[in-house]
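**Q** Sequence and predicted structure are below.
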Amino acid sequence: MQGLRESLPCESAFNRRVKSFTLDYKESHLKVFCDKKLKEKALEKTIELYGSLEKFIQKNPMFLISYTPVKVSKTAPRIVRYMAQASKKVGVGPMAAVAGALAEGVGTHLLKEGAGEVVVENGGDIFLKLKKERLVGVHAGSSVWSNKLAFKVKPKETPLGICTSSATVGPSINLGKADAITVVAKSAALADAAATAIGNQVKGEKGLEKAMEVGKKIKGVKGFLIIRGDKLAIAGRIPELVKKRFEVKR
């Protein structure tokens, strides 16, 4: 799971208007913003998703440890198939998609339960379905850009996944040297896996250029942002990026 934390969202007005709560379950720490009181439903879904994933891994341990895509059957649990499909598109192990898949799984479930606006953040990987424009800030460790930039996400751009990987912040496995790789895609699982795949390329003198080339070839990715030290690179179509200083609350 990714260890980076975005500011969710930057405006305090959002926090006053919606219901917010956190869910700590096993390795996940979910921050949920929802316009309905659905904490119990969110917890039930989190437990269900975890249970189906853990049961599958018990019988298929390579799914947990593989750094490359793992083929699964059509009868595998939905979250397993979702993660496997995302990782196959980018050439990384399926667990690179787990945080995004869990965030989206919980978020889409809350929408089915009657919520009209939902934000689920799972260790820096986010699923959003908005009614009003919101800001999502980007944290990038010790980089000069850290906590100074935010995506201005419009309702028409959602549902959306915004996921971040880092080689310098948090416990996520990233083989590159970037402070932050933030990927935007309709699928949060794909955004999560893609952030790892792109980040793995950011090493050496031409790492940034190679990462850009790799990222641009991933089908389903709308756009992405890479931060390495004082360097900032952007590709594709991402929500409007604005300068916004914020503090990260953990």
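**A** It's in.
**Q** low-scoring pLDDT stretches of this structure, where are they?
**A** Counting by pLDDT under 70, the ranges of the chain that qualify are 1-17, 140-147, 167-177, 204-205, 245-250.
**Q** Leu38 touches Ala115, doesn't it?
**A** Yes: in this structure, Leu38 is within contact of Ala115 by C-beta atoms under 8 Å, at 6.0 Å. C-beta: built from backbone N, CA, C; applies to glycine.
**Q** tell me which residues in the longest helix anywhere in the chain are buried?
**A** Counting by DSSP state H, the longest helix found in the chain is helix 39-59. Burial within helix 39-59, assessed by neighbour count using 16 or more other C-beta atoms under 10 Å, is assigned to Lys39, Lys41, Ala42, Leu43, Lys45, Thr46, Leu49, Tyr50, Ser52, Leu53, Phe56, Ile57.
**Q** who does it touch, helix- and strand-wise?
**A** strand 19-25, strand 28-34, helix 62-65, helix 78-90, helix 98-112 (3 or more C-beta pairs under 8 Å, 6 or more residues apart in numbering; DSSP states H and E).
**Q** Reformat the buried residues of helix 39-59 as CSV; add distance to Gly236.
**A** Converted to CSV, these look like this (distance: C-beta to C-beta, whole Å):
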residue, distance to Gly236
Lys39, 35
Lys41, 34
Ala42, 31
Leu43, 35
Lys45, 31
Thr46, 31
Leu49, 29
Tyr50, 32
Ser52, 32
Leu53, 30
Phe56, 33
Ile57, 33
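**Q** rewinding a little: between the helices and strands packed on helix 39-59, which gets nearest to Lys217?
**A** helix 78-90 (9.4 Å; C-beta to C-beta).
**Q** Next, the angle helix 98-112 makes with that closest one.
**A** 130 degrees (axes from the mean of the first three to the mean of the last three C-alpha atoms, to 10 degrees).
**Q** name the helices or strands packed onto helix 78-90?
**A** For helix 78-90, the packing partners by 3+ C-beta pairs under 8 Å, 6+ apart come out as helix 39-59, helix 98-112, helix 188-199.
**Q** List of residues touching that helix?
**A** 49, 52-53, 56, 63, 69-72, 74, 76, 93-98, 100-102, 105, 187, 189-190, 192-194, 196-197, 218-220 (C-beta atoms under 8 Å, 6 or more residues apart in numbering).
**Q** Can I get that helix in CSV? Just the C-alpha atoms.
**A** Taking C-alpha atoms only, helix 78-90 is exported to CSV below (Å, rounded to 0.1, in the frame of the first residue of the first chain):
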residue,chain,number,x,y,z
ARG,A,78,-14.0,-9.3,-7.8
ILE,A,79,-11.3,-7.3,-6.0
VAL,A,80,-8.7,-9.9,-6.9
ARG,A,81,-9.7,-9.7,-10.6
TYR,A,82,-9.7,-5.9,-10.4
MET,A,83,-6.2,-5.9,-9.0
ALA,A,84,-4.9,-8.5,-11.5
GLN,A,85,-6.3,-6.6,-14.4
ALA,A,86,-4.7,-3.3,-13.3
SER,A,87,-1.3,-4.8,-12.6
LYS,A,88,-1.3,-6.7,-16.0
LYS,A,89,-1.8,-3.3,-17.8
VAL,A,90,1.4,-1.9,-16.3
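**Q** So which bits of it are buried?
**A** Using 16+ other C-beta under 10 Å as the test for burial, helix 78-90 gives Ile79, Val80, Arg81, Tyr82, Met83, Ala84, Gln85, Ala86, Ser87, Lys88, Lys89, Val90.
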